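In: model this:
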Amino acid sequence: MPTQELTSTLRRLAGESSYSAYTAAANALETVTAEASGLPPLRVAISRNFTLDPLVPVIQGEMALAGFYPVVYLGDYDAIARDALDPESALYAFQPEFVIVAQWLEKLAPALVTRFVSLSPAQVSAEVERVLTTIDEIVASLRRHSKAPILINNFPLPVYTTLGILDVQSESYQTHTILRLNLELLRHLRQCRDAYLVDYMGLMARIGSAQGVDERYWQIGQAPIGRSGLVSFGQEYGKFFRALRGKTRKCLVLDCDNTLWGGVVGEDGLGGIQLGTTYPGSCYRAFQQELLNLHDRGVILALCSKNNEADVLEVLRDHPDMVLHEEHFATRQVNWDDKVTNLTRIAKGLNIGLDSLVLVDDSQFECDLVRERLPQVAVLQLSTDLSTFRTKLSAAAYFDSLTFSAEDRERSRTYREDTQRRQLSESASSLSEYLARLEMVADIGMTDEGTIPRVAQLTQKTNQFNLTTRRYSEGEIRGFVEDPETDVFYLKLRDRIAEMGTIGAAIVKYSTQQAEIDTFLLSCRAIGRGVEDALLAHVLNSARARGCTCVRGRYLVTKKNGQVADFYRRRGFRLIAEGPAGSEWEFPLDQAEFAAPDWIKVKLTYQEVGYASQ
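Out: From the prediction side, this is the model:
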């Protein structure tokens, strides 16, 4: 019964996102253990200098929505220095996987907020420097004693400035001083591995300072965040949990009628639908402009519409006010089948999980059907207010990420190119003929500053072909790159059709005469071509060149990586240990050989001692 209640409250939370729904979810979580919930625990420590207890249920709910059982340490009021600087503090004993440092400027530097006009320019500069130095010391100590990502906020602008309308007339006054402080804080955090800025200033701008700050509760209990701001602030933290733990969505699936345009194209015709530069057609055009932004960020766009395909294609190709066109969609299911069936086809065709999909639709019937039959799919139901379409999509933040690479810009194109590869496959008489006709070239190199973001992104997002599914941030990948006892390899692939970009990675750790494969992964777009064997051959040859006599690898079980359970067995590794959590394997380098497939040409971007490129 408790787990049923939890499932019910989380389903309500996914559709409602009210503060009462978050508190109900937090209460339901307290009735079950992590094991009973079926959710892996996630340990988050919160260190603060103001009262944020009302925010905790929202953070817990966000963790649960991301697929984790929340385990939260809430530090004492105004105890950031004690938490961070004392290596024996309760925060470090908690062994957090995330650390939130929540600071309110009025508590940290009251003169900058309440007595700014009394400060000389030199005193203002000194106070800004003191704040930055204090934060530097806290972040540096946290990084020395913990590997957990650090989330630290910038500062909202005052609701009312000390000098009123005069304030923004000079860069030396209060508004621009706090803006400068926030910019410097960002620059300082960029120098620290895995420290990220939580944008309190932007949050307060969206909410409205008059609503987001509760002066009464600030005076009563040093609790500045108003009731109307709690959900937004908590959801902002949730974005980081999803982004750093590989829980962001990949594909936005769109209805057509009354979603991409107003009206029903099958009844109203090309000239009768609502789409243009004046209301109400301007609302649909603005919505499409935001969809194009997502496309350019690397979000896969797909169509799922009950319609005649010819009518939809006519709009995509010929309507003068369409922002999106046929080439922007990686795939489409435009027919009269139910949307549950079509969404399943889309996921299968793109070779991604249903939990990577977000459906946008105006029909409550269709949305409810998908919520009931495919709970893995996120559903965004558009309201009757057309002007909210764009902001509602942006606010949902399904696709927020902390990385942005060249591969992201080209993602939809690469999925369209996969269609050409399938056509080539269908014309080949055998798999071996098809693979040979692809004329694949695998470029393997050592990860550097240019490729760190993409390799980190692969560890965060790759699920199916991922032997250990260990999620790493850019800072952690950089740490591996800098470690002389660790190699981080990337694999880029191209074929006769197009460049596919960086689609594989391996992290290998060395000790004496043994190498351990910490991470071995391949993008789902490249599965089934033997590219994984080219990367594995390179890993084994590199270990041999280092003087290793054996290579060990692990398979750690997840809900999505069952297809690689036998990966090591099928490649000649011998089993060392096996249990419910996975298995451990060994390959003796002094006895066995392993070669890349002959239909893949391997090129190395660097030269290793004792191992030349093919």
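In: which parts of the longest helix seen in the chain are buried?
Out: Taking DSSP state H as the criterion, the chain has its longest helix at helix 121-145. Within helix 121-145, the residues scored as buried using 16 or more other C-beta atoms under 10 Å are V124, E127, V128, V131, I135, I138, V139, S141, L142, R143, H145. The way it works is simple: take the backbone N, C-alpha and C, and place the C-beta from them, glycine included.
In: can you name the element that comes right after that helix?
Out: strand 150-153 (DSSP states H and E).
In: for stretch 530-543, what is the average pLDDT?
Out: Averaging pLDDT along stretch 530-543 yields 93.
In: nearest residue to the middle of this protein?
Out: Here the mean C-alpha position of the chain is nearest to the C-alpha of A243 (C-alpha atoms, centre = their mean), at a distance of 2.7 Å.
In: just the buried residues of the strand or helix carrying F520, please?
Out: Using DSSP H and E, F520 falls within strand 514-522. Of the residues in strand 514-522, A515, E516, I517, D518, T519, F520, L521, L522 count as buried by neighbour count, 16+ other C-beta under 10 Å.
In: that's a strand at the residue nearest to the centre of the chain, yeah?
Out: No: using DSSP: H, G, I helix; E, B strand; the rest coil, the secondary structure at A243 is helix, not a strand.
In: how about low-confidence regions in this protein?
Out: Residue ranges of the chain with pLDDT under 70: 1-2, 406, 410-433, 497-498, 606-614.
In: hmm, what's the outermost residue in it?
Out: Within the chain, the residue lying farthest from the chain centre (C-alpha atoms, centre = their mean) is S118, at 44.5 Å.
In: surely that residue touches V124?
Out: No: applying C-beta atoms under 8 Å as the test, S118 and V124 come out as separate, 10.3 Å apart.
In: can you redo the buried residues of strand 514-522 as CSV, where the extra columns are distance to Y490?
Out: Formatted as CSV, the buried residues of strand 514-522 follow (distance: C-beta to C-beta, whole Å):
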residue, distance to Y490
A515, 17
E516, 19
I517, 15
D518, 15
T519, 11
F520, 12
L521, 11
L522, 11
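In: ok, of these, which one's closest to Y434?
Out: Ranked by distance to Y434 (C-beta to C-beta), the buried residues of strand 514-522 are led by L522 at 18.2 Å.
In: is the closest one bridged to anything, and to what?
Out: Beta-bridge partners of L522, counted by DSSP bridges, are F465, G504.
In: contacting residues for the nearest residue to R544 once chain neighbours are set aside?
Out: Nearest-residue entry for R544: L589, 4.8 Å, with adjacent residues in sequence omitted and distances by C-beta to C-beta, 6 or more residues apart in numbering. Contacts for L589 (C-beta atoms under 8 Å, 6 or more residues apart in numbering) come out as L540, A543, R544, C548, T549, C550, V551.
In: quick one, helices of the stretch 351-500 of the chain?
Out: 364-373, 389-396, 406-409, 411-427, 431-438, 452-461, 474-482 (DSSP state H, counting those that start in this stretch).
In: so what's D443 closest to, chain neighbours aside?
Out: Distances taken as C-beta to C-beta, 6+ apart place K492 nearest to D443, at 4.2 Å, with adjacent residues excluded.
In: does the one you found touch S523 like I think?
Out: No: counting by C-beta under 8 Å, K492 sits too far from S523 to count as a contact (10.9 Å).
In: overlap in contacts, those two.
Out: Counting by C-beta under 8 Å, 6+ apart, the shared contacts of K492 and S523 are M500, I503.
In: so between those two, which is more surrounded?
Out: Set K492 next to S523 and count neighbours by other C-beta atoms under 10 Å: S523 wins out with 24 against 20.
In: touching the helix or strand hosting A28 from outside, list them.
Out: Using DSSP H and E, A28 sits in helix 19-30. With C-beta under 8 Å, 6+ apart as the test, helix 19-30 has contacts from 2, 5-6, 9-10, 12-13, 37, 56-58, 60-61, 64, 69-70, 227, 230-231, 234.
In: how far off centre is it?
Out: In terms of C-alpha atoms, centre = their mean, to the nearest Å, the gap separating the centre of helix 19-30 from the centre of its chain is 24 Å.
In: give the next helix or strand downstream of that helix.
Out: Downstream of helix 19-30, the next assigned helix or strand under DSSP H and E is helix 34-37.
In: alpha carbons of that following helix, as PDB, please.
Out: Extracted C-alpha coordinates of helix 34-37, given in PDB (Å, rounded to 0.1, in the frame of the first residue of the first chain):
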ATOM      1  CA  ALA A  34      14.600   3.400  -0.600                       C
ATOM      2  CA  GLU A  35      14.600  -0.400  -1.200                       C
ATOM      3  CA  ALA A  36      10.800  -0.600  -1.000                       C
ATOM      4  CA  SER A  37      10.400   2.400  -3.300                       C
END
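In: counting by contacts, list what whichever helix or strand comes after it packs against.
Out: Using DSSP H and E, the helix or strand that follows helix 34-37 in sequence is strand 41-48. With contacts taken as 3 or more C-beta pairs under 8 Å, 6 or more residues apart in numbering; DSSP states H and E, strand 41-48 sits against helix 56-65, strand 69-77, helix 80-85, helix 90-94, strand 98-102.
In: angle of strand 41-48 against strand 98-102?
Out: 20 degrees (axes from the mean of the first three to the mean of the last three C-alpha atoms, to 10 degrees).
In: give me the sheet partners of strand 41-48 and which way each runs.
Out: Assessed with DSSP bridges, strand 41-48 is paired to strand 69-77 (parallel), strand 98-102 (parallel).
In: can you say which of those is packed in most?
Out: Neighbour counts (mean count of other C-beta atoms under 10 Å) averaged over each of the strands paired with strand 41-48 peak at strand 98-102, with a mean of 25.
In: now it: how far from the chain's centre is it?
Out: Computed by C-alpha atoms, centre = their mean, the chain-centroid distance of strand 98-102 equals 18 Å.
In: what sits up against that strand?
Out: Strand 98-102 has contacts (C-beta under 8 Å, 6+ apart) with 42-50, 52, 59, 80, 84, 91, 138-139, 142, 146, 148-153, 198, 237, 240-241, 244.
In: list the buried ones in stretch 159-177?
Out: By 16+ other C-beta under 10 Å, the buried positions in stretch 159-177 come out as T161, T162, D167, Y173, Q174, T175, T177.
In: okay, the second one and A347: tell me how far apart.
Out: In other words, T162. T162 is 55 Å from A347, where distance means C-beta to C-beta, to the nearest Å.
In: possible to save the buried residues of helix 121-145 as CSV with distance to L186?
Out: Converted to CSV, the buried residues of helix 121-145 look like this (distance: C-beta to C-beta, whole Å):
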residue, distance to L186
V124, 19
E127, 18
V128, 14
V131, 13
I135, 11
I138, 16
V139, 12
S141, 20
L142, 17
R143, 17
H145, 23
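In: from these, which is closest to P597?
Out: Of all these, P597 sits closest to R143, with 42.7 Å by C-beta to C-beta.
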